[in-house]
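Student: predicted coordinates and the sequence they were generated for:
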Amino acid sequence: MTELRRLYECTVSPEEIDHLGHMNVRFYGTKAMRATHALAAEYGLTAEACRERGVALCVPDTFTRHYREQLEGSRLGVLSGVLSAQETELRIHHELVNLDNEEVAATFVHGVRLQDCTTRQLQPFPTGLAESAQASVVAWPDHARPRTVDLDHIPGDLALATAVERGLASRQPRIVRQDECDSDGFFVGSRFQELVWGGEPIGSRKHVALHETADGVKFGWATMESRLSQFESPRVGTRVQSFSAEVHIARKVSLRHHWVFDLDQARLLCVSSSVNLAFDIGARRAIEIPASIRADLESQYHPDLR
């Protein structure tokens, strides 16, 4: 097996720190994505080469597992390698490492594909690419494998009618805007989480970043694992809506799925899953989910949808 190689380095900036006092989860993903593009470029899939072929490099399936929070000033590196290579998909493994103490901050699995820029239909890789990549695959380490999120199963069989009937709507319907789309009129792939969170919250489903318990403990939700699976890119003017449900609740963590639909075509666009840990901000440690918050989660509990 081939060894992982460092493809990206950076330092955590003040702008990347969130309300919990550490680097926000989206910046973990940004750094891994830069390493994905760097590795793809080594196989000839540069932005320029893709444009010449009329295709676009896309990452429709991403899994992230978080280990340790990263604070302002931390020096980080991304170590990368190919897990598997097929005619239409590369699976890439990344490890985000703190270069000061050599601890793993997060791991990732990216499913990389090519799409036709105009139709968004899947396209094969250039001849010989899969064979070349397969010759230098890396082993998937045990510590990087999911604990809760199932990578062999995508919770995508939920029908729009069922989501509506169960009252799972978490955002008001909205229209995809021009500024959210690329020059071909398709929603930008790197912004797909905005499909989940875009739009006005419905009732009690408004996201609250910080909570406070009855005894004054301030806490928030820290994401431990997440997966985003994209099935179809909406165009400008598409009417979309986000739905969500808690599908597993434990002492300190919960697993939530989000589904985004094209309302007029009743087509599933993406599924986003996250394992969220109740986190004491002052003590910097996990705590049990407070009773009042647990009651709210249980009101949205649909374990059969896991």
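Tutor: Structure's in. What do you need? Residues are numbered from 1 along each chain as shown.
Student: hey, what's L122 bridged with?
Tutor: Under DSSP bridges, the beta-bridge partners of L122 are Q115.
Student: so it sits against R113, correct?
Tutor: Yes. With contact defined as CB atoms under 8 Å, L122 reaches R113; the gap is 6.1 Å. C-beta: built from backbone N, CA, C; applies to glycine.
Student: more crowded one of the two?
Tutor: R113 (19 against 15; other CB atoms under 10 Å).
Student: so the more buried one sits in a strand?
Tutor: Yes. Assignment of R113 by DSSP: H, G, I helix; E, B strand; the rest coil places it within a strand.
Student: dump the residue contacts of it.
Tutor: L57, C58, V59, P60, T88, E89, L90, L122, Q123 (CB atoms under 8 Å, 6 or more residues apart in numbering).
Student: please apply the same query to G237.
Tutor: Contacts for G237 (CB under 8 Å, 6+ apart) come out as I175, V176.
Student: any regions of the stretch 151-300 of the chain where pLDDT drops low?
Tutor: 204-209 (pLDDT under 70).
Student: and the strands in it?
Tutor: 174-175, 211-212, 218-230, 239-249, 253-262, 267-280, 285-286 (DSSP state E, counting those that start in this stretch).
Student: mind listing what's buried in stretch 159-166?
Tutor: L160, A163 (16 or more other CB atoms under 10 Å).
Student: oh, that last question was meant for stretch 33-40, not what I typed.
Tutor: M33, A35, T36, H37, L39, A40.
Student: give me the residues contacting that stretch.
Tutor: 7-8, 46-47, 57, 59, 78, 80-82, 90, 92, 94, 110, 112, 190.
Student: go again with 7 Å.
Tutor: Contacts with stretch 33-40, where a contact means CB atoms under 7 Å, 6 or more residues apart in numbering, come from L7, Y8, L57, V59, V78, S80, I92, H94, H110, V112, S190.
Student: selection in ChimeraX covering whichever of those are buried, please.
Tutor: With 16+ other CB under 10 Å as the burial test, the buried ones among the contacts of stretch 33-40 are selected in ChimeraX as follows:
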select :7,8,57,59,78,80,92,94,110,112
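Student: and the contacts of stretch 33-40 as a markdown table, adding distance to V25 and secondary structure?
Tutor: Below are these laid out as a markdown table (distance: CB to CB, whole Å; DSSP: H, G, I helix; E, B strand; the rest coil):
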| residue | distance to V25 | secondary structure |
| --- | --- | --- |
| L7 | 20 | strand |
| Y8 | 17 | strand |
| L57 | 23 | strand |
| V59 | 16 | strand |
| V78 | 15 | strand |
| S80 | 19 | strand |
| I92 | 19 | strand |
| H94 | 14 | strand |
| H110 | 15 | strand |
| V112 | 21 | strand |
| S190 | 15 | helix |
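Student: check the contacts of R113 and tell me the two furthest apart.
Tutor: V59 and Q123 (14.6 Å; CB to CB).
Student: count of neighbours near A41?
Tutor: Using other CB under 10 Å, A41 is surrounded by 16 other residues.
Student: how about it, secondary structure?
Tutor: Of the three states, A41 takes helix according to three-state DSSP.
Student: turn the contacts of stretch 33-40 into JSON lines, including distance to A161.
Tutor: Shown next, in JSON lines, are the contacts of stretch 33-40 (distance: CB to CB, whole Å):
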{"residue": "L7", "distance to A161": "45"}
{"residue": "Y8", "distance to A161": "44"}
{"residue": "L57", "distance to A161": "35"}
{"residue": "V59", "distance to A161": "30"}
{"residue": "V78", "distance to A161": "42"}
{"residue": "S80", "distance to A161": "42"}
{"residue": "I92", "distance to A161": "37"}
{"residue": "H94", "distance to A161": "38"}
{"residue": "H110", "distance to A161": "33"}
{"residue": "V112", "distance to A161": "34"}
{"residue": "S190", "distance to A161": "31"}
